[in-house]
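> How does the following fold in three dimensions:
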Amino acid sequence: MLPEIEIKAKKISPLLGEKIKLPFYATQGSAAMDLCACLETPVQIKSGKRAKIPTGLAFQLPERVVGLIFSRSGHGWKHGVTLANSVGVLDSDYIGEIQILLQNNGEEEFTVKPGERIAQIAFVPVFVAQLNYVQELENTARGEGGFGSTGS
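Numbering: from 1, shown residues only. Below you'll find the predicted structure:
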């Protein structure tokens with residue numbers, strides 16, 4: 001059984017739970033919960049443009065937990081629609097509505113329908129780094145090789 005964490009969730013929109021599904025894990029092995037568009041009417045995103053789509057939800061995370069918001073792979077593959085900010089970061093001290101920044105990189109207009117799954121959120125522990133500045137770093141097999149140095 002996987003470890004669990006309690007996340008406080010606030011329904012901001014009356015559509016949630018009525019017309020719009022609450023966040024859910026699509027399968028037993030899902031690492032992230034699906035987030036749905038909390039809309040009353042569809043939103044069109046023209047090619048090359050972006051839109052802010054509300055989820056109707058706010059979360060309060062425990063300290064040292066971050067919510068990482070990712071694109072849905074099907075949107076990226078089928079329509080060229082991704083998150084405008086690559087990965088959304090929900091900090092533990094933010095308690096406002098979660099809004100998803102969708103970017104249409106496809107060639108055709110994309111329509112976000114009310115209740116459509118638009119992103120996914122994973123809850124991850126956070127470590128606070130204490131940087132130790134040194135004169136030299138220990139050598140590794142890879143060394144300073146980057147950007148394709150391990151193969152394509």
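
> if I pick the one residue sitting closest to the centre of the chain, what's in contact with it?
Note on the chain: the residue nearest the mean C-alpha position is Ile69, at 1.2 Å, using CA atoms, centre = their mean. Shown in contact with Ile69 (CB atoms under 8 Å, 6 or more residues apart in numbering): Leu35, Leu83, Val87, Gly88, Val89, Leu90, Ile98, Ile100, Ala119, Gln120, Ile121. From N, CA and C alone the C-beta is placed, and that goes for glycine too.

> buried ones in the one helix or strand in the chain whose mean pLDDT sits lowest?
Evaluated with mean pLDDT, DSSP states H and E, the helix-and-strand set of the chain has its lowest mean pLDDT in helix 73-79, which scores a mean of 91. Neighbour-count burial for helix 73-79, counted by 16 or more other CB atoms under 10 Å, picks out His75, His79.

> Also stretch 112-128?
For stretch 112-128, by 16+ other CB under 10 Å, it's Val112, Glu116, Arg117, Ile118, Ala119, Gln120, Ile121, Phe123.

> Need the three-state assignment for the closest residue to the third one other than its chain neighbours.
Distances taken as CB to CB, 6 or more residues apart in numbering place Asp34 nearest to Arg117, at 4.4 Å, with adjacent residues excluded. Taken by DSSP: H, G, I helix; E, B strand; the rest coil, the conformation at Asp34 corresponds to strand.

> pLDDT at Asp34, what is it?
Looking at Asp34, its pLDDT is 97.

> try Met1
Taking Met1 on its own, its pLDDT is 65.

> before we move on, what about Ser149?
Ser149 is assigned a predicted lDDT (pLDDT) of 68.

> OK, contacts around the residue lying closest to Phe70 once chain neighbours are set aside?
Nearest non-adjacent residue to Phe70, counting by CB to CB, 6+ apart: Gln120, 5.2 Å away. Gln120 makes contact with Ser30, Ala32, Met33, Asp34, Leu35, Ile69, Phe70, Ser71, Arg72, according to CB under 8 Å, 6+ apart.

> The one helix or strand Gln120 maps to: partners in the sheet, and parallel or antiparallel?
Secondary structure from DSSP states H and E places Gln120 in strand 117-125. Take DSSP bridges as the rule and strand 117-125 pairs in its sheet with strand 33-36 (antiparallel), strand 65-70 (antiparallel).

> Show me how far it is from its chain's centre.
Distance of strand 117-125 from the chain centroid (CA atoms, centre = their mean, to the nearest Å) equals 5 Å.
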